[in-house]
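Student: What follows is a predicted structure for the sequence shown.
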Amino acid sequence: MAMLTIKDLEVYYGIIQAIKGISFEVKEGEVIALIGANGAGKTTILHTITGLIAAKSGSIQFEGNDLTKIPAHSIVSLGMAHVPEGRRIFAELTVLENLKMGAYTRKDKKEIEDTIEKVYKRFPRLNERKNQIAGTLSGGEQQMLAMGRALMSHPRIILMDEPSMGLSPLFVSEIFDIIKEISESGTTVLLVEQNAKKALSIANRAYVLETGKIVLEGDAKELMNNDSVKKAYLGE
Amino acid sequence: GCGKKETGSSTEFLIGGLGPLTGQAASYGVSVKQGAEVAIEEINKAGGVKVGDSSLQLKLDFADDEASGDTAMSAYNSLMDKGIQALLGTVTSGAGLAIAEQTNADGIFQITPSGSAQDLTAYDNAYRLCFTDPVQGVTMADYAVKDLGLTKIAVIYNNSDEYSTGVMKAFADQVAKDGGEIVASEAFEKDAVDFTTQLTTIKGTDAQIIFVPAYYQDAAYITTQAAELGMNLPFIGSDGWDGVLAKVVDPKVLEGATFLSPFYATDTDPKIQAFTTAYKEKYDAVPDQFAADGYDSVYVIKAALEKAGSTKSEDLIKAMTEIQVSGLTGDVTFTADGEPNKGVKFVKIVNGEYTSLTK
Amino acid sequence: MESIIEQLINGLRSGSIYALIALGYTMVYGIAKMINFAHGDIIMVGAYTLYVATAGLNIPVIPAVLLTIVVCAVLGIIIEKVAYKPLRKAPALAVLITAIGMSFLLQSIALLIFNANPITFESIIKLKSVKIGGVTISGVTIVTLAVTLICMVALTLFITKTKAGSAMRAVSEDRAAAELMGVNVNKTISMTFAIGSALAAVAGIMFVCQYQSIKPTLGALPGIKAFVAAVLGGIGSVPGAMLGGMLLGIIESVSKAYISTELADAIVFGVLVLVLLVKPSGLLGKNRIEKV
Amino acid sequence: MALLEVKNLGISFGGLRAVDNVNLNIDKGQLYGLIGPNGAGKTTIFNLLTGVYRPTDGTIKIDGVNIVGKSPSEICQAGIARTFQNIRLFKKMSVLDNVKTALHNQMKYPLVTSFIRLPGYFKAEKEMNEKAMEILKVFDLDGQADYLASNLPYGKQRKLEIARGLATNPKLLLLDEPAAGMNPNETAELMETIRLVRDHYQITILLIEHDMKLVTGICEKLLVLNFGTELAAGTPEEVLNNPEVITAYLGE
Amino acid sequence: MNKGIKGNIRNRNNLINKKNIITLAVIIAVYIACVILVDGGILNRQAKSLLVPMGINIILAVSLNLTTGFLGELSLGHAGFMAIGAYTGAIFTLHANMPEAVEFLIGIILGGVVAAIFGVLIGVPVLRLKGDYLAIVTLGFGEIIRSLVNFMGITGGAMGLKQIPRYSNYTWAYVIMIITLLCITNLVNSRYGRAIKAIRDNYIAAESIGIKVSRYKIMAFVIAAFFAGVAGVLYGHHLSIVKPGDFDYNKSIEILVIVVLGGMGSIRGSVIAAVILTILPEMLRAADDFRMLLYAVVLIAMMLFNSSGFRARLEESGKLPKIPLLASKGK
Ligand SMILES: Nc1ncnc2c1ncn2[C@@H]1O[C@H](COP(=O)(O)OP(=O)(O)OP(=O)(O)O)[C@@H](O)[C@H]1O
Ligand SMILES: Nc1ncnc2c1ncn2[C@@H]1O[C@H](COP(=O)(O)OP(=O)(O)OP(=O)(O)O)[C@@H](O)[C@H]1O
Ligand SMILES: [Mg+2]
Ligand SMILES: [Mg+2]
């Protein structure tokens, strides 16, 4: 059975329907890419999964739990982390305090210390800046912090919203390498990206979103060769 | 509230009341209202007021003016809409000044139970039951300098209150005339609770006595804190002090304090005892000076009605200078200026009790 | 010389109360990002509760104090749930106005129950005043100072060192992100109001012990003053609230004593304006640079 | 003479040297690119150029006039306009009003005229509307002139910011990551627009961007920044084949 | 496309257009209605006595909306400016010896101008502060003004000024209210208004397009102070007595309540809320002891109804007709 199953999801902002009946699934260990133009509804889907927005109808099953019925703050302890769009780090907390917030639901102090060390290893820049107020970090640094913070909860699935936005080319590659690593270490990844080429290159499967509907889905490599995808999202 | 009234009905006389029922000054308005209600109940039970051939039942419609001018104006108008035939109010001076011109224009008979600002009676239609601020100031200055022979005097007054500043000014002038000296004049703002700074300053002067023209709650704070600071200068006060004993935890702090008061509830006068009992029964509270003012004002209206033999305001106004009322606050007649003519009563606190001070 | 010291102590007398109230103000402001205008009125509720508990129900002092704290904390939670929570997404000013409405509401309820007549209350603190040299410090002032100091330290430790404290700070910055971390935002805000209101209760208790009189509007002016104190010290900063409160009391007292009793309020605000012009976020407030 | 002359520019935040000894000369009409790793100090340079931060050292001259120490609004009037990395629109105002606000210093009328709407008001407002609509058309935003700015989709918000900057009639336009969050097609379209703006309005453009397609596609010259200092400068080919740039910024 | 997405409609480009003609017609019609109601004896005294305060409250609310709604700065000192106007106007008319209309008109202008001068004095230092700091400092200035007025001799101290001629009537109040409304509406829809709103939305961006932020902040503040001063003059000549206590921070808060309830940045909302909140306490008079309680409850209920999204939901589902009144224009 799939780890995360979304069925007939509909989401509204007031009277505007942003998601118009979407179904898809994520299996354990997969990297799934969600791609689509600006305003297609990618962020909305992620927000609905982690409970920041209420769904109008449909269901979100995560390992036997219906997430639409669970308050947002309980979801992280089920093993799901979310790297939100725009990073949403705590600007007035230090880098270290931000990381600790990521481990909010965990109890074991020792384990938390270990995880922090692991995160520092992955993002040495964070170690250098651990006592800096997070709001003054550069864009890229903030992105690292957001990812590091999400990893602090030891998630089994991690949702990432445009992690490469605003990053330098070198760092974009690096971030995708990190995502690959995260996936290889056994964490399932649901990835939302504008950078469709990169996203498809590391994903197993992908869904293409247009104005709140899934218009295409399939194997990532196949989609990369799909003409309409090429034209619309790969700029070829 | 009460519904539509047949105005000028042959069996009822509708008195409008105006005073603060909410806000910082609410306790004064509530006291006046309740005092007046006791009087009205008494009068009505005894058959009402005889005007000409008919016997009128009194009725009071008391509106909240929040002690503020603009609210007073609309409250007054709402009373006029209900057809009031005389106005008992306002309780506080500021609100009264705001409506004075209007009540005069309407020609309605008005008596303020407790508004002490000089100008309240500027117009012919308005009378007053209590003493004006200047009278109080002068009286207390004479008492301190002439009777007690104390010439170095400190004053603590509320500079955001017209009553307090009004009394203070007259007091200071009279002290100078009498040959005394104000060695410290300390102000405080409304709602102040801490007076230690002012008291400490006074402590540093050679003051022999402290005059506090203010209301009882302020007086309670001041005397209590003076005791805490280890000061033992005597206090004198204005009529706002009435009720001060109930406001201090330890009556010792008030020992010897003397103030001008038309009324205190433990007075042995049987009239006062009867009133106090009736008031307690009805409201489960001890009446204060304001309650007595409210009570007396109703009796003044009654006397004017009986004298005039008419319910018309113009007749009532004319009748005022011809009546004499023996009320809780003393025997009173009225001058054509609208001022009361009555004896000054001093109260001194002895052994934690109010006692009449006869000079 | 002695009189200067005496006046400073007079300043501390009211200053310590301002400080105590300001702690609660600052705490709620810092976390919930709202000026809780009803804070002063919770002080009033605390004062009446203590009165009813001790004088009315004859409950012994310590349980009565605890009861007062609990009643206010619960009241704080209820007010938040009923009046502020539905406005989480509304502009901050809407919440401010609702808080003002709440302040009116509490006052008018108290007025209906206890009427406008002030109630005299005998202090439950029996500590004798202390004489040092020629100068006396009242027992209540000493207790208030101690209580304020303890509250300040405890609150600071709580906010910076505990997990619940970090959760509060996270919530104050970004509620959605805090939820993603697993923080229960509603519970955290409730807790903030509970603690803020409990502090108000303590302030109410100290206030009636100091001034021995209770009326429905008693919280209004100290509430405003404490708010000024919180801003002076840097709103959102816990030590700032304490410092601001003490300073405010002292400035008030010194300007009354040595400049003018009539202009004391103007002087106090004048000092506040000057301080803010030099340090726009208050004495101990963080001066934030907005990253562009 | 170069339009923009920057010499020895530097700034520190506490102990952090965010920008150090940067020199930059941009000729009139040039399309210049500023690239570099995250945190290299690119946005900080924009902030220095526009007076948001005051440099600790160095000079900035536009058209020969030193602008160090001037306020952001004075610098705007001296001819520099910008967009922001994190979009800063006037969210509660209409798209049209966003642009009209930027015409503030060009079509003026006195306060009294606005109070009682003297003819001057209608004349100036009419001109403003026309000018603003003209600019909006360039960005294909004229259809949404009446929308609240916050209701535009993200990509259009970025364009509106550029339109707003353009409306101040700048000599030099600074664009901070204009293509961030856009997909390749949208980016391609944006490149066209930027070029068109430069040619049509004959202005100079300095832009920060991480999208190499855009950078190589439209920039004539590049400056690479690393740790606040210059790493390389030159034409795109030169710079992007520079091994140092590759290791520090591009990756293989 | 959904209607709600659209912003405000573009400025009309001519003085004579349909909208302006309708506005003028409404202005005249309302005045005639007032005349009929008042002089025809249809309104009772209480209602009549509310007309002038209503006009004053509208002027106060609309002017405060300029600082709070359009400039986006929370000001808790509006009553201070009102006090300055009230005292200046009263002192002038008490001492001047001119025909009523001339004297009053000069008094009104003078009151506004002196308040505006104080607006500059206060605005220049204070507007460097932001948000809640600004709020507390404006509150402070309101109190300082009150303190000074209390202290000075010419103002009559705590006893205030008495026997100010009662010049304010509904005609004066109405005309001045209309002038205020027109001036501020026009201002808001001009280059000055756009600059002010731009500062509210994003002052960094506003600076970046060449707007001198402090100049426009002060401009908005001063204009608001001017009209508050004018309202103060009307107030003094309505009550015939002014006291420092009438202008404490409670008064400022009262005005702020109107502005927020009416909707930040909505002039029409301010007008309607001013009318409602002037009448409401009087309507509740019948409730006697429960008056303040009900007022508080109604206030809270209105805020919750308006801002919690409850109303938006009702309107969307069609259960409530879209009321343009009390627009919740906030975020
Ligand atoms: N808070 C909101 N209120 C109203 N509409 C919204 C809101 N947030 C998003 N929308 C609308 O919902 C739709 C989907 O938006 P969403 O942010 O999910 O898109 P996206 O695919 O993540 O786009 P992007 O690539 O720009 O991040 C868009 O039309 C957007 O305008
Ligand atoms: N106000 C500030 N206070 C402290 N440090 C700052 C401040 N502004 C910037 N910095 C630091 O200066 C460095 C440069 O930041 P800047 O925003 O200029 O980077 P950037 O080159 O634009 O990066 P990106 O491409 O990620 O946007 C960063 O390390 C950042 O943390
Ligand atoms: Mg998105
Ligand atoms: Mg940047």
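Tutor: Ah, there it is. Ligands and ions are numbered 1, 2, ... in the order given.

Student: could you pull out the helices for the stretch 251-359 of chain B?
Tutor: Assigned by DSSP state H, counting those that start in this stretch, the stretch 251-359 of chain B shows helices spanning B:270-283, B:289-308, B:313-319.

Student: CA-only coordinates of stretch A:61-79 in CSV, if you can.
Tutor: In CSV, the C-alpha atoms belonging to stretch A:61-79 read as follows (Å, rounded to 0.1, in the frame of the first residue of the first chain):
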residue,chain,number,x,y,z
GLN,A,61,-4.4,9.0,4.0
PHE,A,62,-1.0,8.7,5.6
GLU,A,63,-0.1,5.3,6.9
GLY,A,64,-3.6,4.6,8.0
ASN,A,65,-4.3,8.1,9.4
ASP,A,66,-6.6,10.5,7.6
LEU,A,67,-4.7,13.7,7.8
THR,A,68,-7.7,15.9,7.0
LYS,A,69,-9.0,14.9,10.5
ILE,A,70,-5.7,15.5,12.4
PRO,A,71,-4.7,19.0,13.6
ALA,A,72,-1.7,20.4,11.9
HIS,A,73,0.5,20.3,14.9
SER,A,74,0.0,16.6,15.4
ILE,A,75,1.1,15.7,11.9
VAL,A,76,4.9,16.1,12.4
SER,A,77,5.0,13.4,15.0
LEU,A,78,3.4,11.0,12.6
GLY,A,79,6.7,11.3,10.7
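
Student: Report the rounded mean pLDDT for it.
Tutor: When pLDDT is averaged over stretch A:61-79, the result is 92.

Student: The lowest-mean-pLDDT helix or strand in chain B: partners in the sheet, and parallel or antiparallel?
Tutor: Least confident helix or strand of chain B, by mean pLDDT, DSSP states H and E, is strand B:353-357 with a mean of 87. Partner strands for strand B:353-357, per DSSP bridges, with pairing direction: strand B:346-350 (antiparallel).

Student: Kindly export stretch D:72-90 (C-alpha atoms) in PDB.
Tutor: The C-alpha coordinates for stretch D:72-90 follow below in PDB (Å, rounded to 0.1, in the frame of the first residue of the first chain):
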ATOM      1  CA  PRO D  72      16.700  56.200  -1.000                       C
ATOM      2  CA  SER D  73      14.200  58.700  -2.300                       C
ATOM      3  CA  GLU D  74      16.900  61.200  -3.300                       C
ATOM      4  CA  ILE D  75      18.800  58.400  -5.000                       C
ATOM      5  CA  CYS D  76      15.700  57.400  -6.900                       C
ATOM      6  CA  GLN D  77      15.400  61.000  -8.100                       C
ATOM      7  CA  ALA D  78      19.000  60.800  -9.100                       C
ATOM      8  CA  GLY D  79      18.000  58.000 -11.500                       C
ATOM      9  CA  ILE D  80      18.300  54.600  -9.900                       C
ATOM     10  CA  ALA D  81      15.200  52.400  -9.500                       C
ATOM     11  CA  ARG D  82      15.100  48.800  -8.300                       C
ATOM     12  CA  THR D  83      13.100  45.700  -7.600                       C
ATOM     13  CA  PHE D  84      13.300  43.600  -4.500                       C
ATOM     14  CA  GLN D  85      14.400  40.000  -4.000                       C
ATOM     15  CA  ASN D  86      11.300  39.500  -1.800                       C
ATOM     16  CA  ILE D  87       8.600  41.300  -3.700                       C
ATOM     17  CA  ARG D  88       7.500  44.600  -2.100                       C
ATOM     18  CA  LEU D  89       4.400  45.800  -3.900                       C
ATOM     19  CA  PHE D  90       1.800  48.200  -2.500                       C
END
